[in-house]
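[1] What follows is a protein structure lacking sequence information:
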């Protein structure tokens with residue numbers, strides 16, 4: 001088996017692994033805000049209609065949908081926009097460089113979700129199963 005054929009065989013599965021991992025990591029933020037697990041002290045008084053509260057709802061619901069791969073493209077697009085908004089509202093005012101303004105994670109999530117919005121959920125997703133059934 002050549003390296004190119006191995007890459008071609010495993011790339012779709014790597015996409016699914018990236019989607020699941022990204023979704024689980026993102027889901028933690030919403031879970032910490034609304035389910036209080038894991039407990040993060042700064043999220044103790046999150047209000048639903050505050051910017052952090054709205055982001056928490058999107059993190060919880062969007063993260064779960066990304067994990068199962070349901071509506072991957074539109075959800076990932078919305079979450080990519082959320083992370084771009086979070087970066088420019090919360091991090092960029094603190095300085096130009098993401099490593100100095102604490103925005104590396106927001107930038108990384110933004111582009112990971114943008115990639116998922118373009119590439120889809122991969123073969124281990126509810127979207128893929130629904131497409132094959134219909």
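    Cool, the structure landed. Predicted model only: the values in this text are computed from it and were never measured.

[2] By residue count, what's the longest helix in this structure?
    Taking DSSP state H as the assignment, the helix of the chain that covers the most residues is helix 3-34.

[3] by contact count, what packs against it?
    Applying 3 or more C-beta pairs under 8 Å, 6 or more residues apart in numbering; DSSP states H and E, we find helix 3-34 packed against helix 51-68, helix 104-119. No exception for glycine: its C-beta is placed from N, CA and C like everyone else's.

[4] Go through those helices and name the closest to residue 128.
    Each of the helices and strands packed on helix 3-34 was scored for nearness to residue 128 using C-beta to C-beta, and the closest is helix 51-68 (11.1 Å).

[5] Any buried residues in the closest one, and which?
    Taking 16 or more other C-beta atoms under 10 Å as the basis for neighbour counts, the residues of helix 51-68 that come out buried are 52-53, 55-56, 58-60, 62-68.

[6] Those residues into CSV, with extra columns for distance to residue 81 and pLDDT?
    Converted to CSV, the buried residues of helix 51-68 look like this (distance: C-beta to C-beta, whole Å; pLDDT from 0 to 100):
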residue, distance to residue 81, pLDDT
52, 16, 96
53, 17, 97
55, 11, 97
56, 16, 97
58, 10, 98
59, 13, 98
60, 17, 98
62, 11, 98
63, 15, 98
64, 18, 98
65, 15, 98
66, 14, 98
67, 19, 98
68, 21, 98
